[in-house]
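Enquirer: Build me a model:
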Amino acid sequence: MSNHKDLRPLGVFDSGVGGLSVLRAIRQQLPSETFLYFGDQVHVPYGPRPLEEVKNFSEAITRFLLGLGAKLIVVACNTASAAALHSLRQIFPTVPFVGMEPAIKPAAENTHTGVVGVLATPATFQGALYASVVERFAGDVTLLQNTCPGLVQQIEQGGLDGSETRAILESALHPMLDKGIDTVVLGCTHYPFVIPLIQEIVGPDVRVIDPAPAVARQVSRLLDSSGKRATGSRFKTMRFFTSGEATRFEVLLSRLIGETGETREVFWEESEIHIK
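Expert: A predicted model of the protein is given here:
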């Protein structure tokens with residue numbers, strides 16, 4: 001294993017602020033790394049969009065982050081992972097990628113009732129990635145799915161515990177509870193920000209699985225196996241980019257993960273991204 005310090009940043013992207021839940025977990029796991037984060041807020045949510053469109057967004061964002069020197073790309077969005085991860089690995093064969101996969105495996109291994117609830121976007125449920133995970137790991141388990149319409153938008157507005165957010169979650173979770181779920185899988189990176197509310201609705205006997213720590217461990221393994229890990233303590237920078245409004249993004253950044261950082265606005269010009 002190489003000991004040199006690869007001080008290039010890790011690139012992380014999502015349709016909006018959801019990927020910050022993944023960024024938070026990676027920072028805890030890898031305190032010496034620096035980060036570039038891209039939130040494509042002008043196009044949020046990705047969930048209802050055609051997979052081909054999400055694939056094109058993901059390719060352009062990856063090019064943008066690589067142009068800023070990223071050494072590894074985290075696709076911190078379940079929809080983008082479902083739509084684009086396979087093609088991104090083909091287009092950029094030398095770049096390590098880590099994507100999101102709904103945590104069906106740990107849920108299926110640990111459920112006692114055999115009934116598991118999955119909250120995710122329509123595109124995630126339609127993707128081949130989800131189908132393959134279900135086929136491999138959920139043979140003996142009943143999966144109850146809900147797309148939680150409107151939840152991503154509520155979280156993008158900072159509505160983590162308001163009445164509308166609660167209503168969306170209750171309408172998704174109450175029918176699942178009636179059918180005996182003992183585990184809830186979060187198949188969207190926005191959803192960990194409402195874990196306290198989900199836990200309040202489902203009660204202490206239902207386990208809620210946040211996929212972010214597993215993603216952070218995978219990033220750590222990839223950095224080690226490719227000799228790209230940054231070592232030693234130094235001033236850790238994070239740079240943020242949004243295709244939406246920087247001031248709004250900064251408010252959410254502070255509210256969601258208690259962080260601040262330089263936030264730059266970018267704009268789309270056809271399929272290219274430029275910093276304003």
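Enquirer: only C-alpha atoms for contact and neighbour calcs from this point on.
Expert: Will do.
Enquirer: just the strands in the stretch 151-276 of the chain please.
Expert: All strands of the stretch 151-276 of the chain, identified by DSSP state E, counting those that start in this stretch, fall at 183-187, 207-209, 238-242, 262-269, 272-275.
Enquirer: Figure out the helix or strand that residue 124 lives in.
Expert: Using DSSP states H and E, residue 124 sits in helix 122-126.
Enquirer: one step back: between the strands of the stretch 151-276 of the chain, which gets nearest to residue 220?
Expert: Smallest distance to residue 220 across the strands of the stretch 151-276 of the chain (CA to CA): 17.7 Å, for strand 238-242.
Enquirer: Mind giving me the packing neighbours of the closest one?
Expert: Judged by 3 or more CA pairs under 8 Å, 6 or more residues apart in numbering; DSSP states H and E, strand 238-242 is in contact with strand 35-39, strand 262-269.
Enquirer: Serialize those to TSV and add fields for mean pLDDT, distance to residue 27 and mean neighbour count.
Expert: Output for these, formatted as TSV (pLDDT from 0 to 100; distance: least, CA to CA, whole Å; neighbours: other CA atoms under 10 Å):
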stretch	mean pLDDT	distance to residue 27	mean neighbour count
strand 35-39	97	9	24
strand 262-269	96	17	16
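Enquirer: quick one, what contacts residue 160?
Expert: Neighbouring residues of residue 160 by CA atoms under 8 Å, 6 or more residues apart in numbering: 154, 193, 194, 197.
Enquirer: Spit out the contact partners of the closest residue to residue 65 other than its chain neighbours.
Expert: Counting by CA to CA, 6 or more residues apart in numbering, residue 11 is the residue found nearest to residue 65 once chain neighbours are left out, at 5.9 Å. The contact partners of residue 11, taken as CA under 8 Å, 6+ apart, are 35, 36, 37, 38, 65, 66, 70, 71, 72, 73, 74.
Enquirer: right, and the third one touches residue 12 too?
Expert: This means residue 37. Yes - judged on CA atoms under 8 Å, residue 37 makes contact with residue 12 at a distance of 4.8 Å.
Enquirer: Quick one: list the elements packing against the helix or strand bottoming out on mean pLDDT in the chain.
Expert: Here the helix or strand of the chain ranked lowest by mean pLDDT, DSSP states H and E is helix 122-126, holding a mean of 89. Counting contacts by 3+ CA pairs under 8 Å, 6+ apart, helix 122-126 packs against helix 78-91.
Enquirer: All good on my end, thank you.
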